[in-house]
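*Asks:* please work out how this folds:
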Amino acid sequence: MVSIKTQVLIVGATGYIGGSILSELLKSPDSSTLAISVLIRRSEQAKTFESLGVASLPFQGLDDLNACRDAASQHDGTPVTLWPFNIFLADDLTIVVINAASASHDTSAKALIEGLALRQKNTGRNAYFIHTSGTSILGDHPYTRTASSDHKIWSDEKDDIYEMEKQHPERYGQRITDVAVVEIGLSVGVKTYIVVPPTIYGMGSGPFATLSQQIPNLARMAKKRGSAAVIETGKATWNHVHMSDLSVFYLRLFRAVREQPAWLPSGPKAIFFVESGEHTWLQVSQGIADAMYKSGLLATNQVESVSLKEAAAEITKGNESLAEISLASNSRARADFGRNQLGWNTSRGLEDFLTHFDAEVEAMLPELSLEQLR
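*Replies:* Sure thing, here's the model as predicted:
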């Protein structure tokens with residue numbers, strides 16, 4: 001067991017993933033050995049975190065790079081004024097920053113790592129950075145370009161994910177950020193780890209946001225159109241993982257990062273997938289159609305094909321490339337490192353994913369029903 005007290009800073013704790021990671025840490029046996037802080041933009045959120053024993057550090061958002069850098073550094077051992085109280089960040093603590101705020105904001109990720117480097121330099125204590133990406137980094141463009149001919153299934157143990165991202169001809173925010181995380185970590189001597197989840201389903205356990213993005217976005221589009229839709233043919237394949245299983249993965253990785261076993265890689269070799277099976281986009285749209293029809297939100301459970309252009313106008317503000325790579329591409333991976341090294345696994349498979357839509361739609365009923373009245 002690790003005996004040293006660990007300072008944990010979570011960026012994105014008000015969100016779906018970050019909030020669930022926070023909840024997993026708080027309910028774990030590790031919680032008594034952790035001093036957890038979160039970056040927040042809204043002062044009224046501090047009371048909720050205070051009730052959980054979590055300190056809040058104010059900032060103006062991810063573009064507030066100085067605040068990001070300062071929050072990660074905390075290297076001088078002086079009290080830091082927080083909402084609504086002070087916390088003493090002793091300079092002999094190991095610190096782990098978990099970034100779950102944005103997978104595509106490279107400048108804030110750099111600032112956080114630079115802050116960790118400052119703290120590491122000034123205290124001589126270890127500092128680690130866990131970043132959240134997403135499997136759209138593997139996505140192809142089956143309708144506007146050439147689809148992946150072999151529909152490759154990427155392994156986080158056998159394949160060089162970092163090199164693929166670095167050499168990829170397409171400039172894409174998540175890939176750019178992943179490469180930046182690895183490179184700045186190497187340049188300043190901070191060990192980095194990147195978690196790459198696919199479609200996440202199930203309710204989050206955090207104090208604020210509890211809904212994911214991909215499936216709710218498609219449900220909102222279905223409500224607006226009056227019928228569920230799939231982009232083009234919907235034949236492309238993606239992975240999925242339940243939020244509860246993803247949270248457990250983060251906890252297991254966090255423990256490994258604290259303990260630093262010899263088998264744990266970092267930097268270019270530490271890009272990890274988390275998945276429990278595969279689905280097609282048509283299966284997603286049909287699941288949404290059936291659930292919304294049963295709830296009386298749609299008059300039919302038929303799924304209509306829509307063009308990429310139409311879907312982009314509804315969901316991604318006209319960005320067709322983003323709509324295709326995030327909601328219509330092939331993206332296939334295997335969580336080999338998690339299963340083989342972290343001891344992570346899940347009993348949830350395709351059936352659990354295909355039967356979860358009723359609960360997802362039920363959670364959205366207040367929002368979708370309000371839309372119906374407008």
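*Asks:* can you confirm L246 is in a helix?
*Replies:* Yes: assessed with DSSP: H, G, I helix; E, B strand; the rest coil, L246 lies in a helix.
*Asks:* identify the residues contacting it.
*Replies:* By C-beta atoms under 8 Å, 6 or more residues apart in numbering, L246 lies in contact with I17, S20, P197, I200, V274. No exception for glycine: its C-beta is placed from N, CA and C like everyone else's.
*Asks:* just the buried ones from the residues you listed?
*Replies:* The neighbour count (16 or more other C-beta atoms under 10 Å) marks I17, S20, P197, I200, V274 as buried among the contacts of L246.
*Asks:* list the contacts for the first one?
*Replies:* So that's I17. Contacts for I17 were tallied using C-beta under 8 Å, 6+ apart; they are A100, T132, P197, I200, G204, M243, L246.
*Asks:* quick one: which of those sit in strands?
*Replies:* Counted as lying in strands by DSSP state E, out of the contacts of I17, are T132, I200.
*Asks:* tell me, how many residues neighbour the closest residue to I153 other than its chain neighbours?
*Replies:* Nearest residue to I153 in three dimensions, chain neighbours excluded: R332, at 4.5 Å (C-beta to C-beta, 6 or more residues apart in numbering). Neighbour count for R332, taken as other C-beta atoms under 10 Å: 20.
*Asks:* in three-state terms, label R332 for me.
*Replies:* Put simply, R332 is strand when judged by three-state DSSP.
*Asks:* over to V96?
*Replies:* Under three-state DSSP, V96 comes out as strand.
*Asks:* what bridges to it?
*Replies:* For V96, the beta-bridge partners under DSSP bridges are V8, Y128.
*Asks:* so which of the contacts of L246 is the closest to E114?
*Replies:* Using C-beta to C-beta, I17 comes nearest to E114 of those, at 23.1 Å.
*Asks:* ok so, going back, tell me the two of the contacts of L246 that are most distant?
*Replies:* Farthest pair in those (C-beta to C-beta) is S20 and V274. Separation: 12.5 Å.
*Asks:* all helices for the stretch 151-300 of the chain, in order.
*Replies:* 161-167, 173-188, 214-225, 243-259, 281-294 (DSSP state H, counting those that start in this stretch).
*Asks:* and of the ones you listed, who's closest to R119?
*Replies:* In terms of C-beta to C-beta, the element of the helices of the stretch 151-300 of the chain nearest to R119 is helix 173-188, at 10.9 Å.
*Asks:* what separates that closest one from the chain centre, distance-wise?
*Replies:* Centre-to-centre, helix 173-188 and its host chain are 16 Å apart (C-alpha atoms, centre = their mean, to the nearest Å).
*Asks:* dump it to PDB, restricted to CA.
*Replies:* C-alpha atoms of helix 173-188 as PDB (Å, rounded to 0.1, in the frame of the first residue of the first chain):
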ATOM      1  CA  GLY A 173      -8.300  18.100 -32.100                       C
ATOM      2  CA  GLN A 174      -8.100  14.900 -30.000                       C
ATOM      3  CA  ARG A 175      -5.100  13.500 -31.800                       C
ATOM      4  CA  ILE A 176      -3.400  16.900 -31.600                       C
ATOM      5  CA  THR A 177      -4.000  17.000 -27.800                       C
ATOM      6  CA  ASP A 178      -2.900  13.500 -27.200                       C
ATOM      7  CA  VAL A 179       0.400  14.100 -29.000                       C
ATOM      8  CA  ALA A 180       0.900  17.400 -27.100                       C
ATOM      9  CA  VAL A 181       0.300  15.600 -23.800                       C
ATOM     10  CA  VAL A 182       2.900  13.000 -24.600                       C
ATOM     11  CA  GLU A 183       5.500  15.500 -26.000                       C
ATOM     12  CA  ILE A 184       5.200  18.100 -23.300                       C
ATOM     13  CA  GLY A 185       5.400  15.400 -20.600                       C
ATOM     14  CA  LEU A 186       8.600  14.000 -22.100                       C
ATOM     15  CA  SER A 187      10.100  17.500 -22.400                       C
ATOM     16  CA  VAL A 188       9.500  18.500 -18.800                       C
END
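*Asks:* I'm done for today, thanks for sticking with me.
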